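Participant: quick one: sequence and predicted model below, then my questions.
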Amino acid sequence: MDSEIFIVGGGLAGWRAAEAAVRGGASVTLAANGVGNTPDIHALNCPVLPEDSVDLFIEDTLASGKGGSDRALVETMCRESLALKDEFSFDGTVIRPLGCSVPRAVSIRHAIGAIAVSDIKKRLKDKVKVENRTVTPEEVLALRAANPGLKIIIATGGWCGKYDFSDNPRYLKGDGLLMAEALGAALKDVDEQHVQYEPTVRVEGPRRGIPVITTLLYEGARMLNLEGREFLGDARLNKDELSRAIFKEGGYAIFDLTGVPDEKILECKMDLSERLIKVAPAPHSSLGGIVIDTKCHALDGDGKIVPGLFACGEVTAGVHGLNRLGGNGGTAAMVFGTIAGREAALEVNKDKNQ
Ligand SMILES: Cc1cc2nc3c(=O)[nH]c(=O)nc-3n(C[C@H](O)[C@H](O)[C@H](O)COP(=O)(O)OP(=O)(O)OC[C@H]3O[C@@H](n4cnc5c(N)ncnc54)[C@H](O)[C@@H]3O)c2cc1C
């Protein structure tokens with residue numbers, strides 16, 4: 001390997017890491033076998049409104065995680081998210097994901113994930129060596145053995161693609177967890193309890209597997225059971241509670257959008273003819289993964305840094321606890337991607353100066 005940093009994963013976390021690493025003066029190779037879930041990030045959390053604050057953002061994230069989040073990681077993400085305000089020209093729409101006390105999710109044309117990555121690729125043109133391929137744990141192990149000074153950043157996303165009915169691509173099956181384990185890192189919360197279901201995934205038609213966005217429940221949408229009875233009333237539950245409510249009704253529901261204004265439907269890039277949609281909960285986000293500290297170093301079972309190994313984005317554990325607040329997947333990938341790349345480059349420079 002002739003690069004100083006090897007990044008596995010070409011979603012938002014991987015590309016943010018690449019940009020920060022290049023900015024830090026390091027040479028980078030990035031390998032990826034797809035785009036991951038990043039093109040689905042339509043909005044992400046950043047406390048932009050006067051009634052919002054970093055403290056409220058932290059409070060909402062910890063409450064959503066139901067005691068399972070790592071406070072230091074949550075505080076880092078929420079604090080560092082403020083810098084996104086200066087970095088991006090958000091388009092002014094601020095939506096309120098389920099579980100947020102106030103509107104907080106910002107975007108650019110409802111496509112912040114795709115736009116952010118495409119802009120980074122333009123800025124980094126020719127500055128990063130890109131390999132379009134699948135990386136295996138064996139390869140990573142061999143690379144480490146052959147290049148002891150190489151910094152490796154794992155940004156392979158979650159594992160929900162391994163389920164038959166999921167809204168993730170099939171290739172997102174948790175390969176990065178095996179890579180991290182092979183290199184001596186500890187994993188946490190890698191179990192069925194730490195799989196977040198998207199409550200409202202289409203089960204029929206050409207768009208099967210694509211979710212209907214739950215924020216429409218704040219815009220006049222209703223949830224009906226298959227007999228046509230509304231079962232939520234005024235309750236506006238977080239995603240986890242909504243999935244459980246649908247399972248209680250037999251596992252399926254009708255997302256009734258007849259009361260939602262046309263402009264809200266169009267804002268969500270939906271077809272106006274789609275008003276009664278059969279949906280079911282499907283595995284959507286994995287919440288556990290590689291144990292990291294606030295600088296994205298991977299940690300071993302004793303809490304010690306695994307030298308030269310970093311991880312960021314959905315492949316890591318600790319931020320989301322037992323339930324990810326809507327909009328926090330993108331924020332975590334943005335913030336921790338940058339931290340991982342920056343810290344890896346700092347270590348490269350430190351090695352050079354020794
Ligand atoms: C339908 C849907 C809608 C969503 N909407 C939102 C939203 O609006 N807001 C929000 O904040 N979050 C949203 N999320 C969550 C968000 O998409 C993820 O949290 C985010 O994409 C994680 O970024 P990442 O870079 O860690 O992983 P990903 O974007 O999934 O990227 C993972 C990368 O790793 C690569 N990879 C994996 N294994 C290998 C391997 N063995 N070899 C090489 N490459 C590999 C993949 O090809 C990919 O490039 C949504 C998720 C889904 C499924």
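Facilitator: Perfect, I can see it now.
Participant: which stretches of the stretch 151-300 of the chain have low pLDDT?
Facilitator: For the stretch 151-300 of the chain, residues meeting the criterion pLDDT under 70 lie at 234-236.
Participant: for the residue of the stretch 101-250 of the chain found nearest the ligand, what is the enclosing helix or strand?
Facilitator: As assessed by C-beta to the nearest ligand atom, the ligand sits closest to G157 within the stretch 101-250 of the chain, at 2.7 Å. (Each C-beta comes from the backbone N, C-alpha and C, glycine too.) For G157, there is no host helix or strand (DSSP states H and E).
Participant: quick one, phi psi at it?
Facilitator: Backbone geometry at G157, expressed as degrees, to the nearest 10, gives phi 70, psi -160.
Participant: burial count for the closest residue to N33 other than its chain neighbours?
Facilitator: Closest residue to N33 apart from its sequence neighbours, by C-beta to C-beta, 6 or more residues apart in numbering: T134 at 4.3 Å. As a burial measure, T134 scores 13 neighbours (other C-beta atoms under 10 Å).
Participant: next: E192.
Facilitator: 6.
Participant: any idea how far L226 is from it?
Facilitator: Going from E192 to L226 by C-beta to C-beta, to the nearest Å gives 26 Å.
Participant: likewise G11?
Facilitator: 36 Å.
Participant: now do the same end-to-end measure for stretch 79-97.
Facilitator: 19 Å (C-alpha to C-alpha, to the nearest Å).
Participant: in that stretch, what's buried?
Facilitator: Neighbour counts over stretch 79-97 (16 or more other C-beta atoms under 10 Å) mark 80-81, 84, 88, 90, 94-97 as buried.
Participant: again, but for stretch 293-304
Facilitator: Quick answer for stretch 293-304 (16+ other C-beta under 10 Å): 293-299.
Participant: run through who's touching it.
Facilitator: Where contact means C-beta atoms under 8 Å, 6 or more residues apart in numbering, the residues beyond stretch 293-304 that reach it are 72-73, 76, 153-154, 180, 183-186, 290-292, 305-306, 309-312, 316, 336, 339-340, 343.
Participant: those in strands, which ones?
Facilitator: The strands, defined by DSSP state E, take in 153-154, 290, 305-306, 309-311 from these.
Participant: what would those residues look like in a markdown table with distance to the ligand and neighbour count?
Facilitator: A markdown table is the format used below for the ones in strands among the contacts of stretch 293-304 (distance: C-beta to the nearest ligand atom, whole Å; neighbours: other C-beta atoms under 10 Å):
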| residue | distance to the ligand | neighbour count |
| --- | --- | --- |
| I153 | 11 | 31 |
| I154 | 9 | 34 |
| I290 | 11 | 30 |
| I305 | 21 | 15 |
| V306 | 19 | 21 |
| L309 | 16 | 26 |
| F310 | 13 | 32 |
| A311 | 9 | 32 |
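Participant: ok now stretch 297-314, how far from the chain's centre?
Facilitator: 18 Å (C-alpha atoms, centre = their mean, to the nearest Å).
Participant: so W15 sits right up against K121, yeah?
Facilitator: Yes: the pair formed by W15 and K121 meets the contact definition of C-beta atoms under 8 Å, at 7.0 Å.
Participant: of those two, which one has the most company?
Facilitator: For the pair W15 and K121, the greater number of neighbours falls to W15 (28 against 15), based on other C-beta under 10 Å.
Participant: got a list of what the more buried one touches?
Facilitator: 30, 116-117, 120-121, 124, 337.
Participant: report the two of the residues you listed separated the most.
Facilitator: Maximum pairwise distance in the contacts of W15, criterion C-beta to C-beta, is 15.1 Å, between L30 and A116.
Participant: burial measure for K248, as a count.
Facilitator: 10.
Participant: hey, where'd the helices end up in the stretch 101-250 of the chain?
Facilitator: 112-124, 137-146, 175-182, 239-248 (DSSP state H, counting those that start in this stretch).
Participant: what's the angle between the shortest one and strand 305-311?
Facilitator: Interaxial angle of helix 175-182 relative to strand 305-311 (axes from the mean of the first three to the mean of the last three C-alpha atoms, to 10 degrees): 170 degrees.
Participant: mind listing what's buried in helix 175-182?
Facilitator: For helix 175-182, the neighbour count (16+ other C-beta under 10 Å) marks 175-180, 182 as buried.
Participant: the first one too?
Facilitator: Taking 16+ other C-beta under 10 Å as the basis for neighbour counts, the residues of helix 112-124 that come out buried are 112-117, 120, 124.
Participant: go on, stretch 252-268?
Facilitator: Those buried within stretch 252-268 under the rule 16+ other C-beta under 10 Å are 253-257, 260, 264-265, 267-268.
Participant: those residues into CSV, with extra columns for distance to the ligand?
Facilitator: Below are the buried residues of stretch 252-268 laid out as CSV (distance: C-beta to the nearest ligand atom, whole Å):
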residue, distance to the ligand
A253, 18
I254, 20
F255, 15
D256, 21
L257, 18
V260, 18
K264, 16
I265, 16
E267, 13
C268, 10
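Participant: secondary structure for those residues - can I get that in a markdown table?
Facilitator: Formatted as a markdown table, the buried residues of stretch 252-268 follow (DSSP: H, G, I helix; E, B strand; the rest coil):
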| residue | secondary structure |
| --- | --- |
| A253 | strand |
| I254 | strand |
| F255 | strand |
| D256 | strand |
| L257 | coil |
| V260 | coil |
| K264 | helix |
| I265 | helix |
| E267 | helix |
| C268 | coil |
